[in-house]
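S.K.: With the input below, show me the fold.
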Amino acid sequence: MGRKPEGQAEKMFKKFGKKVDEFIQELNDTKGNANEEFKSRLDELKKTRDTLEEKFKDFREENKDKWEEVQTELERAAQEFKKAVNNLFAGRKA
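M.R.: Below is the predicted model of the structure:
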């Protein structure tokens, strides 16, 4: 038996939350003017995460039969988020 798609999505959101927590920790370690910029972006990321989680829960309840179609798009969105965070940190290291 394979995993239930809901389990994979929950795992993805937990991983996303963990990454945001790691980002918070790194932000707390950051000094200087960049700190305010990171705080602003972090707040935006938190709002996005909360919105995505809520929309996902609603969708899952209303469209259980369509989950497989959406799973691909969620994975794409997670990759885009990862790319954005990597770009953010790449700019900070420069």
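S.K.: can you point me to the longest helix in the protein?
M.R.: helix 34-62 (DSSP state H).
S.K.: tell me which residues of that helix are tucked away?
M.R.: If you call a residue buried by 16 or more other Cβ atoms under 10 Å, then helix 34-62 has these buried ones: Phe38, Leu42, Leu45, Arg49, Leu52, Phe56, Arg60. (Glycine included, C-beta is placed from N, CA and C.)
S.K.: how much space between the spatially most central residue of the chain and Asp65?
M.R.: By Cα atoms, centre = their mean, the chain has its centre lying nearest to Phe16, at 4.1 Å. Per Cβ to Cβ, to the nearest Å, Phe16 is found 25 Å from Asp65.
S.K.: Can you name the residues in contact with the helix or strand encompassing the residue nearest to the centre of the chain?
M.R.: In the assignment (DSSP states H and E), Phe16 maps to helix 5-29. The contact list for helix 5-29 (Cβ atoms under 8 Å, 6 or more residues apart in numbering) reads 35, 38-39, 42, 45-46, 49, 52-53, 56, 60, 67-68, 71, 74-75, 78, 81-82, 85.
S.K.: related to what we said a few turns ago, from the contact counts, what lies against the longest helix of the chain?
M.R.: Helix 34-62 sits against helix 5-29, helix 67-93, with contacts defined as 3 or more Cβ pairs under 8 Å, 6 or more residues apart in numbering; DSSP states H and E.
S.K.: Need the mean per-residue confidence for that helix.
M.R.: Across helix 34-62, the average pLDDT comes to 83.
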